[in-house]
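Chemist: make a model of this:
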Amino acid sequence: MRLRNNPKANDILAQHEDIVVLDGKKHKAKWNELFGTENPIYIEIGMGKGDFIIENALRYPDINFIGIEKFPSVMVGALKKIDQQNLSLPNLKLLKEDAIFLTDIFDKYEVSRIYLNFSDPWPKKRHTKRRLTSPAFLDVYQNILVPNGELILKTDNRSLFEYSLVSFQNYGLYFNDVCLDLHHSEGYEDNIQTEYERKFSPLGPIYQVKTTFRRSENNG
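Modeler: Down below sits the predicted model:
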């Protein structure tokens, strides 16, 4: 779900340069310099209102997190949560960008893990290439992930989940874990929910798959 358009959104983002990155291209190969640490970088593509990425940053201070969102009005929602709770999150940045341009923003081997949470399923066949788990996007992810970097998908859309499993298999990804009902299975008590997840999980199962891009530095 999307927030209503906020005509002041871009101005609000510009006032939070300590956490918001409006031009990610200038930080390519220099993200850890921006964070001031050499910690692994985990990114969430389509962070929505930021619940997931904010909670991750709080729980795991030794990891650098980047929440990516192309809609300014949505990013403002995440900023409000950070401001209202007066959170200090030196290991979190919010990036205004479209996922298709990730190779312009991150260098080879610069990202360790990618999260895809409740991505747009693009159900019509003619829109298949727009799905964030399509081969075109997997090419993008492989270009920025470290050897054996991880891709984790969580969705409530069974069609997208099934499509993604086939796409991952055909691409040669290694399946670390597949869960067909995340909220009613043992061993997932540490699951961090998104706002969308909390709202819609009572309507049906949440699916999750954790994968690895099997690749060595010599054949990447």
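Chemist: contact partners for Met47?
Modeler: Residues counted as contacts of Met47 (Cβ atoms under 8 Å, 6 or more residues apart in numbering) are 53, 67-69, 74-75, 78, 94, 117. Using the backbone N, CA and C atoms, a C-beta is placed for each residue, glycine as well.
Chemist: and Glu55, by the same measure?
Modeler: Contacts of Glu55 (Cβ under 8 Å, 6+ apart): Ile192.
Chemist: helix, strand, or coil at it?
Modeler: Three-state call for Glu55 (DSSP: H, G, I helix; E, B strand; the rest coil): helix.
Chemist: when you give positions from now on, start the count at 475
Modeler: Right, with 475 as the first residue, what we last looked at is Glu529.
Chemist: distance of it from Leu508?
Modeler: 21 Å (Cβ to Cβ, to the nearest Å).
Chemist: contacting residues for Arg499?
Modeler: Arg isn't right for residue 499; it's Lys. Lys499 touches 578-579, counting by Cβ under 8 Å, 6+ apart.
Chemist: give me the residue at the spatial middle of this protein.
Modeler: Closest to where the C-alpha atoms of the chain average out (Cα atoms, centre = their mean) is Glu518, at 1.5 Å.
Chemist: find the nearest non-adjacent residue to it, please.
Modeler: Tyr589 (4.2 Å; Cβ to Cβ, 6 or more residues apart in numbering).
Chemist: per-residue confidence for the one you found?
Modeler: At Tyr589, the model reports a pLDDT of 98.
Chemist: now the phi/psi pair for it, please.
Modeler: With angles defined as degrees, to the nearest 10, Tyr589 sits at phi -110, psi 130.
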